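# Structural data only, the sequence is not supplied:
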Ligand code: MEV
């Protein structure tokens, strides 16, 4: 039986159909000239056989603008080499890595299941693996949402549109639901699109505009314009230093919201982050990585002033600084990861590790969400 299923899956998911979502999958794509796939879909809809579906999506690193992006300021993020991979197989009940699927424990997954497949859809066992550390500012929950969304949309048998836009919208609404209504589409768009992504409250001349995201937050309506950026290639690397301290994004974002509510003057700090992000973006477009690094370090000082750094982050940042072009915390802060932009990833990694951090190295800009062969 196992052999038969594997043989079937090879037919149903030939290499050319382990499609990158860059190609903007649509139901048209899927019904065009792939008879085996059509056969698999028909079987699935008849409940006779739902094949295992797998998808993966990258983590992200914010170079400029975290926190301020929640308030519409520009921000730049890159997709990392590190990815999460999910596999969904038919099962007797819904589960995630062997535990029953639970709305409180797995809010993103339940949200996407209800959206793409419906609450009463046939149950699936979900298996997650990958090398993005959890709750560490590298977008593990966004990449989980993107990968699960892609796999579920694929399973929906053509009833759900699977463009990057639709997928990133669904993943963003899952993130927002889990983040008390305050989430920019930064993490989810980067994980879906891959490469380098710029968000702003206006259409920027830099990069290629992709789509608009809207969200009703406790502080009012927000609109973000999402752009893809293609900076000149360079021999520079990101070294991510993990403090090992988990700080939930929702808590960090709520802390900033409270600080601004108590003292609206502090909105200036948010605007200053936006100004630095714009400077960093211009440097990135010129391929001037010295200036990119400088803007990253400046951005960090502003984040520290906002109160979202931590002693552990500061220690790793101090250690990485001498061998880096620029260093900052990345993501929500309070723990999680710092990032160093460097031409010498070995030396920078060693310095961070000597200071007690765990490191990951990535080049800038990697592939976005994609279906994987099973
Ligand atoms: C988290 O990776 C980035 C934040 O700006 C929150 C968000 O954009 O939703 C802190």
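Sure, I can see it. What you are looking at is a predicted structure, and each value in this text was computed from that prediction instead of being measured.
# Near the ligand, which residues of the stretch 101-250 of the chain? Just list them.
Within the stretch 101-250 of the chain, the positions adjacent to the ligand are 137, 183, 184, 186, 187, 249 by CB under 6 Å from any ligand atom. (Glycine included, C-beta is placed from N, CA and C.)
# What sits closest to the third one if chain neighbours are left out?
For residue 184, ignoring the flanking residues on the chain, the nearest one in space by CB to CB, 6 or more residues apart in numbering is residue 69 at 4.4 Å.
# How much space separates that neighbour from the ligand?
Residue 69 is 5 Å from the ligand, where distance means CB to the nearest ligand atom, to the nearest Å.
# my read is that residue is in a helix, agree?
Yes - checked against DSSP: H, G, I helix; E, B strand; the rest coil, residue 69 lies within a helix.
# And it, what's its pLDDT?
Looking at residue 69, its pLDDT is 94.
# Please look at it and residue 63 and confirm they touch.
No - look at residue 69 against residue 63 with CB atoms under 8 Å: they stay out of range, at 11.5 Å.
# Name the nearest residue to the residue in the stretch 1-150 of the chain positioned nearest to the ligand, ignoring sequence neighbours.
In the stretch 1-150 of the chain, the residue found nearest to the ligand is residue 66; the distance is 3.9 Å by CB to the nearest ligand atom. Of all residues not flanking residue 66 in the chain, residue 331 sits nearest, at 6.1 Å (CB to CB, 6+ apart).
# Can you give me the distance of that neighbour to the ligand?
Relative to the ligand, and taking CB to the nearest ligand atom, residue 331 is found at 4 Å.
# contacting residues around that residue?
By CB atoms under 8 Å, 6 or more residues apart in numbering, the residues touching residue 331 are 61, 62, 66, 136, 137, 138, 139, 249, 337.
# 7 Å instead, please
Residue 331 is in contact with 62, 66, 137, 138, 337, counting by CB atoms under 7 Å, 6 or more residues apart in numbering.
# Check residue 85 too.
So residue 85 contacts 54, 56, 129, 130, 147, 372 (CB under 7 Å, 6+ apart).
# Was I right to think the first one contacts residue 87?
It stands for residue 54. Yes - the criterion here is CB atoms under 7 Å, and residue 54 meets it with residue 87 at 4.3 Å.
# Looking at the two, which is more packed in?
For the pair residue 54 and residue 87, the greater number of neighbours falls to residue 54 (23 against 19), based on other CB atoms under 10 Å.
# low-confidence ranges in this structure?
1-50, 161 (pLDDT under 70).
# for it, what's the longest helix?
As assigned by DSSP state H, the longest helix anywhere in the chain is helix 267-286.
# Can you name the next helix or strand after that helix?
Using DSSP states H and E, the helix or strand that follows helix 267-286 in sequence is helix 289-306.
# Could you give me the buried positions within that following helix?
When burial is assessed from 16 or more other CB atoms under 10 Å, helix 289-306 yields the following buried residues: 289, 291-300, 302-304, 306.
# next one: phi and psi at residue 95?
Main-chain dihedrals, residue 95, degrees, to the nearest 10: phi -150, psi 160.
# Neighbours of whichever residue of the chain sits closest to the ligand, how many?
Per CB to the nearest ligand atom, the residue of the chain with the smallest distance to the ligand is residue 184, at 3.3 Å. Using other CB under 10 Å, residue 184 is surrounded by 31 other residues.
# ok, now the one 5 residues further on?
Residue 189 has 33 neighbours, counted by other CB under 10 Å.
# before we move on, what SS does residue 85 have?
Going by three-state DSSP: residue 85 is strand.
# Make residue 1 into 742 and carry on from there
From this message on, residue numbering opens at 742, which makes the last subject residue 826.
# in the sheet, who's paired with the residue nearest to it when sequence neighbours are not counted?
Spatially, and ignoring its direct neighbours in sequence, residue 826 is nearest to residue 797 (4.1 Å; CB to CB, 6+ apart). Counting by DSSP bridges, residue 797 is bridged to residue 826, residue 1111.
# so how far is residue 966 from residue 797?
According to CB to CB, to the nearest Å, residue 797 and residue 966 sit 27 Å apart.
# cool, and residue 958?
17 Å.
# how about the residue of the chain closest to the ligand, what does it touch?
Residue 925 neighbours (CB under 7 Å, 6+ apart): 810, 811, 940, 965.
# Tell me which helix or strand comes right after the host helix or strand of the last one.
Translated: residue 965. For residue 965, the element it lies in under DSSP H and E is strand 961-970. Later in the chain than strand 961-970, the nearest helix or strand by DSSP H and E is strand 978-983.
# Apart from its chain neighbours, what residue comes closest to residue 910?
residue 954 (6.8 Å).
# who's in contact with the host helix or strand of the one you found?
Using DSSP H and E, residue 954 maps to strand 949-958. With CB under 7 Å, 6+ apart as the contact definition, strand 949-958 has outside contacts at 906, 910, 913, 917, 922-923, 926, 934, 944, 962-969.
# wait, the residue nearest to residue 826 sits on residue 1113?
Yes - with contact defined as CB under 7 Å, residue 797 reaches residue 1113; the gap is 5.3 Å.
# What sits closest to residue 1086 if chain neighbours are left out?
Nearest-residue entry for residue 1086: residue 978, 4.2 Å, with adjacent residues in sequence omitted and distances by CB to CB, 6+ apart.
# Pull the contacting residues for that neighbour.
1083, 1086, 1102, 1103, 1104.
# Of the residues you listed, which belong to helices?
residue 1086.
# Buried among the contacts of residue 978? Need that as a selection in PyMOL.
In PyMOL, a selection of the buried entries from the contacts of residue 978 looks like this (16+ other CB under 10 Å):
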select buried, resi 1083+1086+1102+1103
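# Return the subset of the contacts of residue 978 lying in strands.
1083, 1102, 1103, 1104 (DSSP state E).
# Sounds good, over and out.
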